[in-house]
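S.K.: Sequence unavailable; structure follows:
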């Protein structure tokens, strides 16, 4: 659950094209490259290492920039990114399973 304000912050993951015809400095493929020597370089990760633990249950969050996991944000009816209350769950009967 994400509020309307945080909807614009949602990221879109797209796989990069490794065979594009740009130069090697821009991320393209080098010509006559020795793979045994260049394999120690870190590969490009389009997602990144920005998956932090949930602030409530400490499990990994599967959304970039979010602070709460999907289950905790649904149970507490809060935004997964900013923690703002979205719904009034006073009269709801929710189960944890």
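M.R.: Done, it's in. The structure displayed is predicted, hence computed values, not measured ones.
S.K.: Please enumerate residues in contact with the helix or strand of the chain with the lowest mean pLDDT?
M.R.: Ranked by mean pLDDT, DSSP states H and E, the weakest helix or strand in the chain is helix 35-38, scoring a mean of 72. With contact meaning Cβ atoms under 8 Å, 6 or more residues apart in numbering, helix 35-38 is reached by residue 30. C-betas here are computed from N, CA, C, even on glycine.
S.K.: May I see the buried residues of it?
M.R.: Within helix 35-38, no residue counts as buried by 16 or more other Cβ atoms under 10 Å.
S.K.: Can you tell me the SS state at residue 88?
M.R.: coil (DSSP: H, G, I helix; E, B strand; the rest coil).
S.K.: and it, what does it touch?
M.R.: Each residue near residue 88 by Cβ under 8 Å, 6+ apart is listed here: residue 77.
S.K.: Report the separation between it and residue 77.
M.R.: 7 Å (Cβ to Cβ, to the nearest Å).
S.K.: Leaving out chain neighbours, which residue sits closest to residue 71?
M.R.: Once flanking residues are discounted, residue 71 sits nearest to residue 57: 7.4 Å by Cβ to Cβ, 6 or more residues apart in numbering.
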